[in-house]
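*Asks:* just coords:
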C-alpha cells in the first residue's frame, strides 16, 4: 500500500515561498555584484601596490603629502578588503536564523569604512600641523614621479568601480575611497610642481590639510547613508507620499495606514502596510498587480500587505 504524502501546512508553504523569494532577490544581487567583485579585486591589488610605492617614495623624497597619501592608501587597502569580503558574504543564501540573508553586512562594512576614513583624516591633519612647525626638506622631483604613478593607478581603479557604485552603498564607499585617493594623488602631483617652482615646503602640509578635508567630506556622506539604512529610513530615491497615492489609486482600496518603506541594503527595498478594502475577497485580486507595480516602478522587492475591511476593524476595535 502506497504511503500517503503529507500535505504541507500553510505555515510551511509560506516559509517556502519566503525562502524562494529571498533566493530570487539574492540571485539578482549576485548578478549585479559580479562586476563589483571584479572591480574591487582590481582595486585591492592596485591600492596595495600604490601603498608600497608611495610609502617608499615618501620616505625617499621626504614628502608628508606622499606619506599621508600612503597612509590613506593603507587604510583604503583595509577598507577595500572589507568591502570585497562583505560582497562575498552578502551573496550567502538566507537561513532560518537570518531570514533576510546577509544583505546588511554590506551596510556594516560601509559604516566601518566611513569611520576608518575619519580616523585617517585626523592622523593626516595632526602630522601636517607638526610639519608646519618643523618643515623638512623635500625632493620635489621624486615626489612628482611617485605622485604620477599613484594618480595613474587610481584612475584605473576608479574607472573599474564607477558604474557598479550606483548599485551598492558598500561599493560606493569603496569608490569614494578611490576618489579620495585620486584627489590625494592630484594634490601630490600639483604640490610637487609648486614646491619645485617656489621652494616653499609648507605647500606639502597645506595639500595634506586639503586631502584630509576631502576625506572627511566623503566619510560623513558614507556614514550618513549607512546609518539611514540601519535606522530603516525611507530610501532617498523613493517618495513615500507618491507610493501612498499609488496604492490608494488601486480598485477596491478605500484607505491605508501603517505604511513603512525601508531598505535592507542598497537596492533591496521593502514595504509593509495595512490596506482598507471594500471586500476582503475582492481585495485579494489586487495583491498581484500591487506587487508588480511596486517592483517595476519603485524597485521594492519585499512587500507585506495586510488587507482589512470594516468588519475586521470593528472586530479589532471591539476586542
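*Replies:* Cool, the structure landed. Remember, it's a predicted structure, so these values are computed and weren't measured experimentally.
*Asks:* what pLDDT does the model give residue 108?
*Replies:* pLDDT recorded at residue 108 is 85.
*Asks:* surely it forms part of a helix?
*Replies:* Yes. Looking at residue 108 with DSSP: H, G, I helix; E, B strand; the rest coil, it is inside a helix.
*Asks:* contact partners for it?
*Replies:* Residue 108 makes contact with 86, 226, according to CB atoms under 8 Å, 6 or more residues apart in numbering. From N, CA and C alone the C-beta is placed, and that goes for glycine too.
*Asks:* repeat that for the one 4 residues further on.
*Replies:* For residue 112, the contacting residues are 79, 82, by CB under 8 Å, 6+ apart.
*Asks:* 7 Å instead, please
*Replies:* residue 82 (CB atoms under 7 Å, 6 or more residues apart in numbering).
*Asks:* report whether it is found in a helix, as I expect.
*Replies:* Yes. Judged by three-state DSSP, residue 112 forms part of a helix.
*Asks:* how close does it get to residue 159?
*Replies:* 25 Å (CB to CB, to the nearest Å).
*Asks:* now do residue 70
*Replies:* Distance from residue 70 to residue 159, by CB to CB: 22 Å.
*Asks:* least trustworthy helix or strand in the chain by mean pLDDT?
*Replies:* helix 10-61 (a mean of 62; mean pLDDT, DSSP states H and E).
*Asks:* against which helices or strands is the helix or strand just after that helix packed?
*Replies:* Per DSSP states H and E, the first helix or strand lying C-terminal to helix 10-61 is helix 64-90. With contacts defined as 3 or more CB pairs under 7 Å, 6 or more residues apart in numbering; DSSP states H and E, the packing partners of helix 64-90 are helix 10-61, helix 105-133, helix 140-161, helix 169-198, helix 202-230.
*Asks:* how about 6 Å then?
*Replies:* helix 10-61, helix 105-133, helix 169-198, helix 202-230 (3 or more CB pairs under 6 Å, 6 or more residues apart in numbering; DSSP states H and E).
*Asks:* ok, and which of those helices has the densest surroundings?
*Replies:* Across the helices and strands packed on helix 64-90, averaging neighbours per residue (mean count of other CB atoms under 10 Å) puts helix 169-198 on top, at a mean of 24.
*Asks:* that one - what's its average pLDDT?
*Replies:* 78.
*Asks:* now render the helices and strands packed on helix 64-90 as a markdown table, adding distance to residue 310.
*Replies:* Output for the helices and strands packed on helix 64-90, formatted as a markdown table (distance: least, CB to CB, whole Å):
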| stretch | distance to residue 310 |
| --- | --- |
| helix 10-61 | 26 |
| helix 105-133 | 41 |
| helix 169-198 | 43 |
| helix 202-230 | 37 |
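*Asks:* out of those, nearest to residue 243?
*Replies:* helix 202-230 (17.2 Å; CB to CB).
*Asks:* what sits against residue 205?
*Replies:* 128, 131-132 (CB atoms under 6 Å, 6 or more residues apart in numbering).
*Asks:* closest to residue 171 among those?
*Replies:* residue 128 (29.9 Å).
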